[in-house]
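1. Sharing a sequence plus its predicted fold:
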Amino acid sequence: MEKTSKIYIAGHRGLVGSAILKNLKAKGYSNFVTRTHKELDLTDTTAVATFFKTEKPDYVFLAAAKVGGIVANNIYRADFIYENLSIQNNVIHQSYLHDVKKLMFLGSTCIYPKNCPQPMKEDYLLTDTLEYTNEPYAIAKIAGIKMCESYNIQYNTNFISVMPTNLYGPNDNFDLEKSHVLPALIRKTHLGKALHNNDWETLRKDLNKMPIEGINGASSELEILNILEKYGIKKENDSVKIEVWGTGNPMREFLWSEDMADACVFLMENRNFSDCFDAANKEIRNTHINIGTGKDISIKELATLIKLIIGFDGEFYFNTEKPDGTMKKLTDPSKLHGLGWRHKIELEDGIKTVYNWFIN
Ligand SMILES: NC(=O)C1=CN([C@@H]2O[C@H](COP(=O)(O)OP(=O)(O)OC[C@H]3O[C@@H](n4cnc5c(N)ncnc54)[C@H](OP(=O)(O)O)[C@@H]3O)[C@@H](O)[C@H]2O)C=CC1
Ligand SMILES: C[C@H]1O[C@H](OP(=O)(O)OP(=O)(O)OC[C@H]2O[C@@H](n3cnc4c(=O)[nH]c(N)nc43)[C@H](O)[C@@H]2O)[C@@H](O)[C@@H](O)C1=O
């Protein structure tokens, strides 16, 4: 990529897209095209075609997607498969039609089988059954990888795919129902601490600033207590208890979003689809690259770490009516390490930074 190349970042306000934009700016890139969801609905084929015809970007980071935690994926199954397939079909196909020099497709490690050997190598794709809770989302992501590979093979395009582990950082979604575990536990623990301290001002500020769907803020103490109880945050005998979904036993790997963005820019600068060609191999597949740290932690340990960082004096309880999902999904990042990139931010530092961002 030249510093003046025209770069389209789809999803530039999201967790990853915003970090990619920041990273590119810091590296001296200056020519960006961006559209919010409201300005350009990427599921609208005609609108996406017009956009590419008008803007003709040189490079594309496809970081726009319908994204959510385990429960959102499980409930809104149709939306997750329909919207993600539509977004990626439109953006990848128009990138081919308008001679985009390189595109990066962002998938997810949920593409790997539920009971995948650990750590998960790129070659384990499509070797067994997927995890049920996010099967529709995973199928869309697998289609994205195969679409990039197929266009590269048939049309000689240069579309590369990356499979990030669970991500967290500034601009994450902190919704208590639809978000991923790390932002959800940060917000719940923050609210639990405020409840423990009878800090109604902090509780009111949080619930009014980030209203929960269907609830138009909260003013009286009773209203606040009712909302908190709905999300499993309650006071019993002077002690505050916070709900953690599932058994707390699943293991998850977390990567700081700005490290993720750095890896994306690194690969966009240094990796081409042609690197995957091997004269002896007539079947080109599994050309995607895992992005992770190679380290994981149980949800129980994660909750304890967040409790220590935030300084919460209460307890967690485990609601086993909620799904655990995959019990372990640790990436094998050796392919990425072999190319010369490693993550920098460790989990404890990342949680401290994002908590600071969240309260400010
Ligand atoms: N977060 C995570 O833990 C993980 C994320 N990923 C993948 O990384 C990528 C980025 O995820 P993340 O940053 O977390 O997601 P976010 O939800 O934070 O951001 C998604 C972005 O997509 C845009 N968007 C969504 N739907 C549409 C649409 N129909 N038309 C136009 N824009 C749309 C949103 O636009 P607007 O801001 O205008 O609403 C938003 O900017 C996704 O592909 C996701 O699947 C993979 C693994 C883990
Ligand atoms: C990134 C990845 O994210 C999704 O998969 P997931 O890793 O299972 O997502 P999660 O972060 O929501 O949960 C991780 C674990 O944590 C537990 N858990 C406890 N308490 C809360 C809680 O309060 N909220 C949430 N969300 N989870 C909780 C939860 O029960 C689960 O055991 C995919 O659907 C897909 O989108 C994808 O690719």
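-> All right, it came through fine. Ligands and ions are numbered 1, 2, ... in the order given.
2. so how many other residues sit close to the residue of the stretch 201-350 of the chain at minimum distance from ligand 1?
-> Taking Cβ to the nearest ligand atom as the measure, the stretch 201-350 of the chain has S257 as its residue closest to ligand 1, at 7.2 Å. Just so you know, the C-beta spots here come from the backbone N, C-alpha and C atoms, and that holds for glycine as well. The number of residues packed near S257 is 25, by other Cβ atoms under 10 Å.
3. can you check T4 too?
-> Other residues near T4 number 11, with proximity taken as other Cβ under 10 Å.
4. Now do the phi/psi pair for the nearest residue to K27 once chain neighbours are set aside.
-> Spatial nearest neighbour of K27, excluding adjacent residues (Cβ to Cβ, 6 or more residues apart in numbering): V265 at 6.5 Å. Dihedral angles phi and psi of V265 (degrees, to the nearest 10) take the values phi -70, psi -40.
5. so where's this structure uncertain?
-> Along the chain, the parts satisfying pLDDT under 70 run over 210-218, 279.
6. How about the residues of it by ligand 2?
-> For the chain, the residues found near ligand 2 under the criterion Cβ under 6 Å from any ligand atom are 69-70, 73, 108, 110, 133-134, 137, 166, 179-181, 184-185, 244-246, 250, 252, 299, 322-325.
7. what about 5 Å?
-> The chain has residues 69-70, 73, 108, 110, 134, 166, 180-181, 184, 244-246, 250, 299, 324-325 near ligand 2, with proximity defined as Cβ under 5 Å from any ligand atom.
8. and the nearest residue to T331 once chain neighbours are set aside, how many residues sit next to it?
-> Of all residues not flanking T331 in the chain, G292 sits nearest, at 3.3 Å (Cβ to Cβ, 6+ apart). Per other Cβ under 10 Å, the neighbour tally for G292 reads 27.
9. Next: N84.
-> 26.
10. Is the strand or helix carrying T50 positioned near ligand 1?
-> With elements taken from DSSP states H and E, the one containing T50 is helix 45-55. No: contact of helix 45-55 with ligand 1 is not found when judged by Cβ under 5 Å from any ligand atom; the minimum separation is 8.9 Å.
11. could you point out which element follows that helix?
-> Stepping forward along the backbone from helix 45-55, the first helix or strand reached (DSSP H and E) is strand 59-62.
12. From the chain's centroid, how far away is that next one?
-> The gap between where strand 59-62 is centred and where its chain is centred comes out at 16 Å by Cα atoms, centre = their mean, to the nearest Å.
13. so after that strand, what's the next helix or strand?
-> Downstream of strand 59-62, the next assigned helix or strand under DSSP H and E is helix 70-75.
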